[in-house]
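Participant: Quick one: sequence plus predicted model below, questions after.
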Amino acid sequence: MNKADFPFFHNREIIYLDNAATTQKPQKMLDAMNDYYTKFCSNTHRGSHDLGNKATQEYEDARRSVADFIGANPEEIIFTRGTTEAINLVASSYVKNNFDTVILSELEHHSNILPWQLNDLHIEVLALENDLSIDLKSYEALLKKNPKSFISITHISNAFGIVNPVKELIKLAHQYECKILIDGAQALAHCSIDVKDLEADFYAVSAHKAYGPTGIGALYGKYELLVEMNPYQGGGSMIDDVSFEYSTFLDPPYRFEAGTQAIAEAIGFKAALEYMQELKDLHSHDTSLLSYAKQRLQEIDDIILYTQNTDVSGNISFNIKDIHHDDIGILLSKQDIMLRTGHHCAMPIMKKLGIEGTIRLSFAIYNTKEDIDKCIEALHKAIRMLR
Amino acid sequence: MSQLSIQEEIDLLRNELELFDDVMDKYEYIIELGKQLLPLDEKYQTPMYKVQGCQSQIWLHPYVKEDKVYFEAGGDALIAKGLVDILIRIYSGHSAKEILDTNSATLKELHLSEIISSGRQNGIASMLKRIYGFAKETSTLQTTTDSFAKEVHHERL
């Protein structure tokens, strides 16, 4: 009974199905953050006192945990505010100076579109198949036309749960001398990640979508790329020497972590990763909930499912014919069922489908089949009221 | 048109909404209001009249008739239309001064979370901003002698 691990669910009847936006937090993670604030609150990488050393050690342990979790080396892990900042960092410190063109898929989240636009990069868009999957032949054709480009593609779509064939995408990217970033915001809690096996050049994640705190995430970058990159921001803790005429910077990853870092959040991030590691059924639970949800949704008259035959993970998106998704979202909320309706920060794919948005169920380890049953029951009630 | 003051309209609506013990019944009523909202002329369903920040599309057309401010609106989601209808019932048909003299915080008395909450994605908050903005513009123009400004204002309606 995983709900017991999460104080959010204690003594209340609430069904939370908006996990692709953010998950609830296990007590273990909250305790880890609380320990930092109550037992060894100090700044990192600065003084020589014992508490500062303890905070530094815990912060660096967190970096090691993130590295281990995704198959990287610790010096290849940069702590960021989240996936969004990680992508902005790569756009600003690496891509802007080395590439003219960025290739994106139609499925991308706005945070994987805007950083490239804001850095004045030319964007080439990979069109998806009707089932929202990537056709590797179309992808290769685009690479042929645009070799030596930068590619940025999501691992799992936040709006439709589509799982992209990232290993193949990366392999082909390298055949055409491209570099590639994988947006792993949704993947961290929903599939195994091994950046070395994938051979990703960059991989970005957020803690809060995987039982960790908000305000922290990580960017993995191949070390040989990180050493070539300019700092993203200037500030304390990232310098080797500073004068008014000239300054030099530390090696990666510290070069990219200016100012006091989110220390408690890094420690909480580590605890969240440990929590996930202790779960035996993290991914199988997800698969079984998704297939059950799909089966129950198909029982509803006039349901429009967008990913009937596509490989999905973590979330499922749908609409009800002639009913506005926003009305459904409000009426489910009034029945204590929290899910997300709207464009899910992925307006281009909504425009391609000719819709304003969808209703999205997204799952976490604490969700149960009973949650889905209650959601379907509430959905029937909402539809009756709106017809 | 409206014989009641804005505060009286709010009191009336509060009393109506308080009759519902079950929150779902209350929303059923709002949905009915949404279904009954008169269709907005298509010429006003343009970006100029669109209210930003709504999860659904809402268009608000304000106009002045015999020194009173009126609003009509349209949209594509029923609950949002119902909530908009509530705002129209409260504010439409009153003088700009009366609108400006009413603190929008009074709407909290209705206990409708979609109206109470504010934020970048809250269309109802944007709609209120439009209503008060239009009232302010109208009030300024009613006291000015600048005929050009008046002409520009009327062309935009």
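Facilitator: Looks like it came in fine. Numbering: from 1, shown residues only, chains lettered A, B, ... in the order given.
Participant: Now for A:Lys54: which residues touch it?
Facilitator: When contacts are counted by C-beta atoms under 8 Å, 6 or more residues apart in numbering or on different chains, A:Lys54 is found next to A:Phe40, A:Ser42. C-beta: built from backbone N, CA, C; applies to glycine.
Participant: What segments of chain B are strands?
Facilitator: Applying DSSP state E to chain B gives strands spanning B:58-65, B:68-75.
Participant: for these, which one sits closest to chain A?
Facilitator: The closest of those to chain A is strand B:68-75. By C-beta to the nearest C-beta, the value is 8.8 Å.
Participant: Okay, and the residue in the stretch 1-150 of chain A that chain B sits nearest to sits in which element?
Facilitator: For the stretch 1-150 of chain A and chain B, the shortest gap (C-beta to the nearest C-beta) falls at A:Ala21, measuring 12.5 Å. Counting by DSSP states H and E, there is no helix or strand that carries A:Ala21.
Participant: Identify the residues contacting it.
Facilitator: A:Lys209, A:Arg340, A:Ser362.
Participant: again with A:Tyr292
Facilitator: So A:Tyr292 contacts A:Lys369, A:Ile372 (C-beta under 8 Å, 6+ apart).
Participant: Surely it is in a helix?
Facilitator: Yes. Counting by DSSP: H, G, I helix; E, B strand; the rest coil, A:Tyr292 is part of a helix.
Participant: Distance-wise, check it relative to chain B.
Facilitator: A:Tyr292 is 26 Å from chain B, where distance means C-beta to the nearest C-beta, to the nearest Å.
Participant: what residues does chain B put near chain A?
Facilitator: Proximity of chain B to chain A, by C-beta under 8 Å from any C-beta of the partner chain, involves residues B:23-24, B:27-28, B:31, B:55-57, B:76-80, B:114.
Participant: Make a ChimeraX selection of whichever of those turn out to be buried.
Facilitator: Selection command for ChimeraX covering only the buried members of the residues of chain B next to chain A, criterion 16 or more other C-beta atoms under 10 Å in any protein chain shown:
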select /B:27,28,31,55,56,57,76,77,78,79,80,114
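Participant: Point out the least confident one among the residues of chain B next to chain A.
Facilitator: Minimum pLDDT across the residues of chain B next to chain A is recorded for B:Glu114, with 75.
Participant: That one and B:Ala77 touch, don't they?
Facilitator: No. Here B:Glu114 lies out of contact with B:Ala77, judged by C-beta atoms under 8 Å, at a distance of 11.1 Å.
Participant: what's the pLDDT at the residue nearest to B:His111 when sequence neighbours are not counted?
Facilitator: Excluding the flanking residues, the one nearest B:His111 by C-beta to C-beta, 6 or more residues apart in numbering or on different chains is B:Leu17, at 6.9 Å. Looking at B:Leu17, its pLDDT is 93.
Participant: Please report how far the spatially closest residue to A:Ile113 that is not a sequence neighbour lies from A:Thr154.
Facilitator: Setting aside the residues directly before and after it, A:Ile113 is nearest to A:Leu104 in space (C-beta to C-beta, 6+ apart), at 6.3 Å. Counting by C-beta to C-beta, to the nearest Å, the separation of A:Leu104 from A:Thr154 is 9 Å.
Participant: which neighbours do these two share?
Facilitator: Counting by C-beta under 8 Å, 6+ apart, the residues touching both A:Leu104 and A:Thr154 are A:Asn112.
Participant: How about the contacts made by A:Glu228?
Facilitator: A:Tyr94.
Participant: and the strands of chain B as CSV, adding mean neighbour count and mean pLDDT?
Facilitator: Shown next, in CSV, are these (neighbours: other C-beta atoms under 10 Å in any protein chain shown; pLDDT from 0 to 100):
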stretch, mean neighbour count, mean pLDDT
strand B:58-65, 19, 94
strand B:68-75, 21, 95
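Participant: which non-adjacent residue is nearest A:Phe99?
Facilitator: Of all residues beyond its chain neighbours, the one nearest A:Phe99 is A:Phe150 (4.3 Å), with distances taken as C-beta to C-beta, 6+ apart.
Participant: actually A:Gly52, sorry about that
Facilitator: For A:Gly52, ignoring the flanking residues on the chain, the nearest one in space by C-beta to C-beta, 6+ apart is A:Ser42 at 4.4 Å.
Participant: tally of neighbours for the one you found?
Facilitator: For A:Ser42, the neighbour count with other C-beta atoms under 10 Å in any protein chain shown is 17.
Participant: got it, and A:Gln295?
Facilitator: 10.
Participant: confidence score at it?
Facilitator: In the predicted model, A:Gln295 carries a pLDDT score of 95.
Participant: Give me the phi and psi for it.
Facilitator: Main-chain dihedrals, A:Gln295, degrees, to the nearest 10: phi -60, psi -50.
Participant: Quick check: the gap between it and chain B.
Facilitator: For A:Gln295, the distance to chain B equals 27 Å [C-beta to the nearest C-beta].
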